[in-house]
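*Asks:* I'd like to go over a predicted model; first the sequence, then the structure.
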Protein chains: 2
Amino acid sequence: MVKNEKDQSAEERILMAAKKVFVTRGLSGARMQDIADEAGINKALLHYYFRNKEKLFETIFAELFTGLFPRLRNIFESDLPLFDKIERFCSEYIDYMLQNPHAPIFVLNEIHQRPEWFVKKALRGGIVNLDKLIQQITSEIKAGRIISINPIQLIMHMLSLCIFPFIGKPMLASVMEIGEETFLALMEARKKEVPKFIIGSIKK
Amino acid sequence: MVKNEKDQSAEERILMAAKKVFVTRGLSGARMQDIADEAGINKALLHYYFRNKEKLFETIFAELFTGLFPRLRNIFESDLPLFDKIERFCSEYIDYMLQNPHAPIFVLNEIHQRPEWFVKKALRGGIVNLDKLIQQITSEIKAGRIISINPIQLIMHMLSLCIFPFIGKPMLASVMEIGEETFLALMEARKKEVPKFIIGSIKK
DNA sequence: GTCTATATTCCGATAGAC
DNA sequence: GTCTATCGGAATATAGAC
């Protein structure tokens, strides 16, 4: 536990603590004891509020997943012109991850380790519909405003350029010898840099 | 255990089994019993060949990490012209991951969960030296052959575009409804697609 | 609601026969 | 080298007092 424990209800402190511990250690690496310590309460209280470890985990996962992916809908399914859509997507997405830098690797790793569970438990509520975006890309190609490209590949480019740096951060930090402030500055710059890079490549 | 157990020594079968289990479940999620079962041997034998779980893990991690990153050196530190270097990097890197599709998320997740351990245990033998590549990019900019761009950002673009699809695969597969064959075809195409995309953006 | 104490399950590791 | 059996600790979960 860090500070201001009495500022929030026990339940809120548990959620904050659980988020921190799960996100850094993963489901199987997290210890209920660590979460209790971090929240400044007793282990038994975790079971009082959330029945068991799995339920607590699902709560945290759902929150982070919702922040990461369904957020795409608002942008992808909007009526913006393609280039504006790309700019807005990159900027908002990187902004979200600057506030939750551990979310991407945590979420993607848990999906990787239990894809079946993910499909059954976390994917309720529908998936992101890419049809509109794909069609938009296709018609820009037909109109001759952008080069010919497989829309799926282009979407993968966008996601890759925005998300990967946060996943690779610990590795990049040690391998490339990049410190925390440098990293933040690079990510801040990427909000403009990435859309410029993408549009620079596809614009005719 | 799957088949042909008698084709290899116990040690080799253990390594194959451990790789499979560690890579899908991570260090904390992997069970020695599962590895033993997968290898078709007894749990005690794991401790006979490798002293404990951590040592076995380190062996597997080192193998995968070596395959992933030091491989960069041969390309990054070579004397190829920049565009050739980019093409070769993307092609070889994606090829490696097509053969070890789980390696990136496994390696990056373990580094994320224990960055200190990584720096102490796995980073011996030096790091990738990016000076040459950075200088090469800088001089291409000065020569007016490519647009002005922060070399670090460009290198991040390259890594992102090659690695991320493998990390996001389980999520992309369910969210975008992409099957196994489709995914493989997309990755195969990316070996040409990504360098084309990059060069298309930076070439003057 | 919150705690202490304890039950219970699980898992890494070892002992020791063959 | 390979096995069976078991130990001992760790971690989740529950019982029950306050």
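*Replies:* Perfect, thanks for sending it. Numbering: from 1, shown residues only, chains lettered A, B, ... in the order given.

*Asks:* Please spell out which residues along the helix or strand containing A:M187 are buried.
*Replies:* For A:M187, the element it lies in under DSSP states H and E is helix A:180-202. For helix A:180-202, the buried set under the neighbour-count rule, 16 or more other C-beta atoms under 10 Å in any protein chain shown, comprises A:183, A:186-187, A:190-191, A:193-198, A:201-202. Where C-beta positions appear, they are placed from N, C-alpha and C, glycine not excepted.

*Asks:* Closest to DNA strand C out of those?
*Replies:* In terms of C-beta to the nearest atom of the strand, no member of the buried residues of helix A:180-202 lies closer to DNA strand C than A:F183, at 33.7 Å.

*Asks:* from memory the closest one sits against A:S174, does it?
*Replies:* No - if you go by C-beta atoms under 8 Å, A:F183 and A:S174 don't touch, sitting 11.6 Å apart.

*Asks:* Make a markdown table from the buried residues of helix A:180-202 and add distance to DNA strand C to it.
*Replies:* Converted to a markdown table, these look like this (distance: C-beta to the nearest atom of the strand, whole Å):
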| residue | distance to DNA strand C |
| --- | --- |
| A:F183 | 34 |
| A:L186 | 38 |
| A:M187 | 36 |
| A:R190 | 39 |
| A:K191 | 41 |
| A:E193 | 43 |
| A:V194 | 41 |
| A:P195 | 45 |
| A:K196 | 48 |
| A:F197 | 44 |
| A:I198 | 44 |
| A:S201 | 47 |
| A:I202 | 48 |
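
*Asks:* Can I get those in CSV including pLDDT and distance to B:I60?
*Replies:* What follows is the buried residues of helix A:180-202, written out as CSV (pLDDT from 0 to 100; distance: C-beta to C-beta, whole Å):
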residue, pLDDT, distance to B:I60
A:F183, 98, 28
A:L186, 98, 31
A:M187, 98, 31
A:R190, 98, 33
A:K191, 98, 37
A:E193, 98, 36
A:V194, 98, 34
A:P195, 98, 39
A:K196, 98, 40
A:F197, 98, 36
A:I198, 99, 36
A:S201, 98, 38
A:I202, 98, 40
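
*Asks:* And the lowest-mean-pLDDT helix or strand in chain A, what does it pack against?
*Replies:* Least confident helix or strand, chain A: helix A:70-76 with a mean of 85, by mean pLDDT, DSSP states H and E. When contacts are defined as 3 or more C-beta pairs under 8 Å, 6 or more residues apart in numbering or on different chains; DSSP states H and E, helix A:70-76 packs onto helix A:82-99.

*Asks:* Could you point out which residue ranges in chain A have low pLDDT?
*Replies:* A:1-6, A:125-126 (pLDDT under 70).

*Asks:* And it, split by domain according to the record?
*Replies:* If you go by automatic domain parsing, the domain ranges for chain A are A:5-57, A:69-202.

*Asks:* and chain B, which of the buried residues of helix A:180-202 contact it?
*Replies:* A:L186, A:R190, A:E193, A:V194, A:F197, A:I198, A:S201, A:I202 (C-beta under 8 Å from any C-beta of the partner chain).

*Asks:* Contacts only, for the first one.
*Replies:* Pointing back at A:L186 there. Going by C-beta atoms under 8 Å, 6 or more residues apart in numbering or on different chains, A:L186 touches A:P165, A:I178, B:N150, B:I152, B:Q153, B:M156.
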